[in-house]
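Trainee: here you go, sequence then predicted model.
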Amino acid sequence: MKNRWLTYSKAHTDPELAYLYAINVIRGPWPKGEDAISKSVFYSQLYARNIIKGPWPKCEDLMSKNPYTAYGYAKEIIKGRWPKGEDAISKDTNCSILYAKEVIKVRWSEAEKLILKNITASDAYENIMSVCIYANDIIKGRWPEAEEVVLKKAYPAFMYAKEVIKGRWLQAEDIVAANDFISCLYAQHVIKGKWGRCEKIIKNPNSERAPACCLYYAKYVIKGPWPEAEKIIKKDQKSWKQYCEELKDKNGK
């Protein structure tokens with residue numbers, strides 16, 4: 001009883017102590033500690049999930065101000081769409097896409113213009129990749145309004161072609177072909193065969209990555225020896241050894 005009273009006497013103003021007192025001592029809702037708990041995003045979410053076991057209106061103003069806490073509250077506590085948090089969620093690209101994918105589970109048309117605006121403004125690699133995720137997982141097809149953004153980076157352009165278009169994307173081939181390794185991936189997974197534009201760039205004798213890229217192209221695209229590139233591959237001992245063991249010698253040459 002003494003220990004319980006000491007904890008109780010401090011818990012009114014401390015979110016952590018109030019939550020711990022509720023879950024470990026009261027083992028249920030503790031109205032007298034809720035003012036303290038509701039001042040902490042972390043303990044409010046724990047209290048709603050583990051003690052209230054559902055929505056807790058007292059904490060919702062706090063939860064709705066931040067994209068990540070609003071998304072987490074909708075997913076973990078509301079377990080469905082939460083209009084009150086959508087304004088905050090829509091301001092963060094990753095949260096918007098996660099909310100559409102894991103909470104709404106359909107296209108979130110109201111947020112798409114803002115998503116594109118955020119991606120265009122930041123030009124961050126991870127945000128551009130988010131377009132591919134949204135198109136593939138939510139729209140389940142091309143997202144024409146976003147394609148200009150995807151075309152800014154080689155890897156997202158390759159992934160968009162592979163996962164969304166599921167075939168060649170001629171508009172993207174200039175930027176893809178400018179990157180030696182991404183062009184190998186494009187040949188392997190999209191064209192599914194030899195690609196002259198790729199071969200030209202990866203056989204660049206001045207590139208440090210040329211031996212490894214030529215080896216990769218021979219192994220996964222040509223799927224056999226590539227005599228035209230052997231002079232390049234020989235420049236790297238490790239690549240040449242692997243080429244001989246896995247491709248050249250196996251073919252009796």
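Mentor: Cool, got the structure.
Trainee: other residues contacting stretch 224-237?
Mentor: Stretch 224-237 has contacts (Cβ atoms under 8 Å, 6 or more residues apart in numbering) with 199, 202-203, 205, 210-212, 214-215, 217-218, 239-240, 243, 247-248, 251, 253. C-beta here means a position set from N, CA and C on the backbone, and glycine is covered the same way.
Trainee: so among the residues you listed, which ones count as buried?
Mentor: Among these, those classed as buried by 16 or more other Cβ atoms under 10 Å are 199, 202-203, 210-212, 214-215, 217-218, 239-240, 243, 247-248.
Trainee: from those residues, which has minimum pLDDT?
Mentor: Ranked by pLDDT, the buried ones among the contacts of stretch 224-237 bottom out at residue 248, which has 78.
Trainee: per-residue confidence for the closest residue to that one other than its chain neighbours?
Mentor: Closest residue to residue 248 apart from its sequence neighbours, by Cβ to Cβ, 6 or more residues apart in numbering: residue 225 at 5.2 Å. As predicted, residue 225 sits at a pLDDT of 95.
Trainee: how about residue 225, secondary structure?
Mentor: In three-state terms, and counting by DSSP: H, G, I helix; E, B strand; the rest coil, residue 225 is coil.
Trainee: any idea how far residue 127 is from it?
Mentor: Relative to residue 127, residue 225 is positioned 41 Å away (criterion: Cβ to Cβ, to the nearest Å).
Trainee: of those two, which one has the most company?
Mentor: Shown here are residue 225 and residue 127; by other Cβ atoms under 10 Å, residue 127 has more neighbours (21 against 18).
Trainee: my guess is that one meets residue 133, correct?
Mentor: No: proximity of residue 127 to residue 133 does not meet the contact threshold set by Cβ atoms under 8 Å, at 10.5 Å.
Trainee: spatially nearest residue to residue 116, not counting backbone neighbours?
Mentor: Leaving aside its chain neighbours, residue 116 sits nearest to residue 146 (5.9 Å; criterion: Cβ to Cβ, 6+ apart).
Trainee: how about the longest helix along the chain: buried residues?
Mentor: With secondary structure taken from DSSP state H, the chain has its longest helix at helix 109-122. Buried residues in helix 109-122, counted by 16+ other Cβ under 10 Å: 111, 112, 114, 115, 116, 118, 119.
Trainee: what number of residues lie near residue 172?
Mentor: The tally of other residues near residue 172 (other Cβ under 10 Å) stands at 22.
Trainee: now it: how far from residue 217?
Mentor: Residue 172 is 19 Å from residue 217, by Cβ to Cβ.
Trainee: what does residue 56 give?
Mentor: 57 Å.
Trainee: and if you look at residue 235?
Mentor: Between residue 235 and residue 217 the distance is 15 Å, computed by Cβ to Cβ.
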